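Asker: My questions are about this predicted structure, shown below with the sequence.
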Amino acid sequence: MGTSETAAPRRRGRPPATDSAATRTAILDGARLLFGERGYGAATNKDLAAAAGVTTGALYHYVESKLDLYVGVHKDMQRRIYQRFQRAEASERTFLGKLSAVLDAAQQINIEDPSLAKFVGVVRADVRRYPEVAERLAAEDAAREGFFLDLVEVGVSTGEVRPVDVPAVREFVRVILVGLIEGTSDAPDRQRRAIDSIMGVLRGDLVRPVEG
């Protein structure tokens, strides 16, 4: 019997060194999509390997466990997002300018790769359900807090934020970003309106206090 011309492509086993970077990228990208759809608990090792187009053996050449892979995807996600955030905030000098630039970058990231925002939303649920996930991601959360703190400290130096208000403003920035990702990430037009509304409120264009 002849070989079918439409046979499914063979999945890769352990790759040569020249393919290692490409294979690792495929593993992280495939895992991010699968974790984003199913969450940590429901994603199986077999399906994670299939999502990357590799064998299960090849998968374990790169990671020791599903948890290690999840942490690797999270680190890759944080690197991608916060590199963009850092470039965005560096383009402005004031707190409001930097915050606006970061929010614009967040929307652009979501437009370019919606799987990043989807994975971020899943992580928030997974850390509540799985203590081992929460424990491994704690250090990453600390690094993220550093970014928020640095951003707010700019407001202190420019006089836009009072020192006593730093904790509240930092929490405000965090809530804004989480809300944009989880509440509007699947609708770019709504996300754009939300960003414009947030900045309008902060600049005093939309809401003004009533005197007396």
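Answerer: Sure, I can see it. Computed from a predicted model, the values in this text were never measured in an experiment. Numbering: from 1, shown residues only.
Asker: what about residue 143, neighbour count?
Answerer: 11 (other C-beta atoms under 10 Å). Glycine gets a C-beta too; all of them are placed from N, C-alpha and C.
Asker: Three-state assignment for it, please.
Answerer: Secondary structure assignment for residue 143 (DSSP: H, G, I helix; E, B strand; the rest coil): helix.
Asker: Can you check what pLDDT the model gives it?
Answerer: On the pLDDT scale, residue 143 is placed at 70.
Asker: Let me see the contact set for it.
Answerer: The neighbourhood of residue 143, defined by C-beta atoms under 8 Å, 6 or more residues apart in numbering, consists of 78, 82.
Asker: Tell me who's in contact with residue 135.
Answerer: So residue 135 contacts nothing (C-beta under 8 Å, 6+ apart).
Asker: Check which helix or strand it maps to.
Answerer: helix 131-158 (DSSP states H and E).
Asker: Now the helix or strand bottoming out on mean pLDDT in the chain: buried residues?
Answerer: Between all helices and strands in the chain, the lowest mean by mean pLDDT, DSSP states H and E belongs to helix 166-184, at a mean of 82. For helix 166-184, a neighbour-count test (16 or more other C-beta atoms under 10 Å) marks 169-170, 172-173, 176-177, 180-181, 184 as buried.
Asker: Name the nearest residue to residue 158, ignoring sequence neighbours.
Answerer: Spatial nearest neighbour of residue 158, chain neighbours left out: residue 94 (5.4 Å); criterion: C-beta to C-beta, 6 or more residues apart in numbering.
Asker: Got phi/psi on residue 54?
Answerer: phi -130, psi 170 (degrees, to the nearest 10).
Asker: ok so, going back, what's the pLDDT at the residue nearest to residue 158?
Answerer: With respect to pLDDT, residue 94 scores 95.
Asker: Am I right that residue 195 is in contact with residue 102?
Answerer: No. The pair residue 195 / residue 102 is not scored as a contact, 10.0 Å apart, by C-beta atoms under 8 Å.
Asker: Look at the two and report which has more neighbours.
Answerer: residue 102 (24 against 20).
Asker: Counting neighbours, which bits of the helix or strand hosting that one end up buried?
Answerer: Applying DSSP H and E as the criterion places residue 102 in helix 95-112. Neighbour counts over helix 95-112 (16+ other C-beta under 10 Å) mark 95-103, 105-107, 109-110 as buried.
Asker: that older thread, pull the least confident helix or strand of the chain out as PDB, backbone CA atoms only.
Answerer: Extracted in PDB, the C-alpha atoms of helix 166-184 (Å, rounded to 0.1, in the frame of the first residue of the first chain):
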ATOM      1  CA  VAL A 166       1.700  56.500  47.100                       C
ATOM      2  CA  PRO A 167       0.100  53.200  48.300                       C
ATOM      3  CA  ALA A 168      -3.400  54.300  47.100                       C
ATOM      4  CA  VAL A 169      -2.200  55.500  43.700                       C
ATOM      5  CA  ARG A 170      -0.100  52.300  43.200                       C
ATOM      6  CA  GLU A 171      -3.200  50.200  43.900                       C
ATOM      7  CA  PHE A 172      -5.200  52.400  41.600                       C
ATOM      8  CA  VAL A 173      -2.800  51.800  38.700                       C
ATOM      9  CA  ARG A 174      -2.800  48.000  39.400                       C
ATOM     10  CA  VAL A 175      -6.600  47.900  39.400                       C
ATOM     11  CA  ILE A 176      -6.800  49.900  36.200                       C
ATOM     12  CA  LEU A 177      -4.500  47.500  34.300                       C
ATOM     13  CA  VAL A 178      -6.200  44.400  35.700                       C
ATOM     14  CA  GLY A 179      -9.600  45.800  34.800                       C
ATOM     15  CA  LEU A 180      -8.600  46.600  31.300                       C
ATOM     16  CA  ILE A 181      -7.100  43.200  30.800                       C
ATOM     17  CA  GLU A 182      -9.900  41.100  32.300                       C
ATOM     18  CA  GLY A 183     -12.900  43.300  31.500                       C
ATOM     19  CA  THR A 184     -12.300  44.800  28.100                       C
END
